[in-house]
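Visitor: sequence and predicted structure are below.
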Amino acid sequence: MISHYYLCEVSDKQTLQQLDDYEAELDLCPIWIGLDKAIRRNEGILEKENNNANPWVYRETLVLREIFLRASQD
């Protein structure tokens, strides 16, 4: 899987989600959450699930940490 990350601006306009089949099966939905809280949640999942966490949790946690590090340097 190749993931792309983008900086973006948020708009007040809302649209319907366009989920992939596996995302719909997992009942994924977007929520607003602070970067530090997202990292802590993912780290909790990784600790709890040990080696059984979804593979993207590892990847996303690494990306969130990098974003947090860069943001704190600004």
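Guide: Ah, there it is.
Visitor: and the residue lying closest to residue 65 once chain neighbours are set aside, how many neighbours?
Guide: Counting by C-beta to C-beta, 6 or more residues apart in numbering, residue 39 is the residue found nearest to residue 65 once chain neighbours are left out, at 6.1 Å. Placement of C-beta: from N, CA and C, glycine included. Neighbour count for residue 39, taken as other C-beta atoms under 10 Å: 17.
Visitor: look at residue 66 and report its pLDDT.
Guide: Per-residue pLDDT puts residue 66 at 92.
Visitor: which ones are touching the spatially most central residue of the chain?
Guide: The residue lying closest to the centre of the chain (C-alpha atoms, centre = their mean) is residue 60, at 5.3 Å. Applying C-beta atoms under 8 Å, 6 or more residues apart in numbering, we find residue 60 in contact with residue 42.
Visitor: and the host helix or strand of it, how far out from the chain's middle?
Guide: Assigned by DSSP states H and E, residue 60 belongs to helix 55-73. Helix 55-73 sits 9 Å away from the centroid of its parent chain (C-alpha atoms, centre = their mean, to the nearest Å).
Visitor: ok, stretch 25-42 next?
Guide: Counting by C-alpha atoms, centre = their mean, stretch 25-42 comes out at 6 Å from the chain centroid.
Visitor: may I see the buried residues of it?
Guide: 38, 39, 42 (16 or more other C-beta atoms under 10 Å).
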